[in-house]
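> Provided below are the primary sequence and the corresponding predicted coordinates.
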Amino acid sequence: MLVAKGADIATSTQRIEKPEAEWKAMLTPAQFGVLRQEGTERPFSSSLNDEKRAGVFVCAGCALPLFTSRMKFDSGTGWPSFFTAIPAHLDSKQDFKLIAPRTEYHCVRCGGHQGHVFDDGPPPTGQRWCNNGVALRFIPAEGKA
Ligand SMILES: [Zn+2]
């Protein structure tokens, strides 16, 4: 994975445990609401929605790489969307916040909520990883920023 020199990226999935008060102090209120309270940002509110440069999307909580720009597609939903994810960097669970169960997914390192995965995505996977932009940080590839 080619990223800019000095880019702040986590190289280990070793689990981070922090008291919620510490997360609250280090995250913005919007990040905290999504990552720690499983909130959902307003559609079309994230600049990452239109991010088309080459690079990597890391967890806003712990800097673990979750997606690369090659995994991104324009779903038209207003949330950054991906047809797959970096293997073993996300974990999922069923959530019953809406009437139909949805598959919630979160960062394996810090447990931060990222989004929901649906089965109406494009080939080759047919998956749509619908991610909150505020829960991600984009790091452009070296030389392409
Ligand atoms: Zn994380």
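The structure has been received and is ready for your questions.
> quick one: name the residues of the protein near the ion.
59, 61-62, 64, 107, 109-110, 112 (CB under 5 Å from the ion). In short, each C-beta sits where N, CA and C put it, glycine included.
> try 8 Å
Residues of the chain found near the ion (CB under 8 Å from the ion) are 10, 16, 35, 59-64, 66, 106-112.
> show me the residues you listed that map onto strands.
Under the assignment DSSP state E, the residues of the chain next to the ion contribute 59, 66, 106-107 to strands.
> pLDDT at the nearest residue to residue 133 once chain neighbours are set aside, what is it?
Spatial nearest neighbour of residue 133, excluding adjacent residues (CB to CB, 6 or more residues apart in numbering): residue 46 at 2.3 Å. pLDDT for residue 46: 97.
> against residue 95, how distant is residue 46?
21 Å (CB to CB, to the nearest Å).
> who has more neighbours out of those two?
residue 46 (20 against 14; other CB atoms under 10 Å).
> then stretch 68-78 to CSV, C-alphas only?
The C-alpha trace of stretch 68-78 is given here as CSV (Å, rounded to 0.1, in the frame of the first residue of the first chain):
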residue,chain,number,x,y,z
THR,A,68,-8.6,1.9,-0.6
SER,A,69,-9.7,4.3,-3.3
ARG,A,70,-9.9,1.4,-5.7
MET,A,71,-12.7,-0.1,-3.6
LYS,A,72,-14.8,3.0,-3.8
PHE,A,73,-17.8,3.5,-6.2
ASP,A,74,-20.4,6.2,-6.6
SER,A,75,-23.6,4.7,-5.1
GLY,A,76,-25.6,7.9,-5.4
THR,A,77,-26.8,7.5,-1.7
GLY,A,78,-24.8,10.4,-0.3
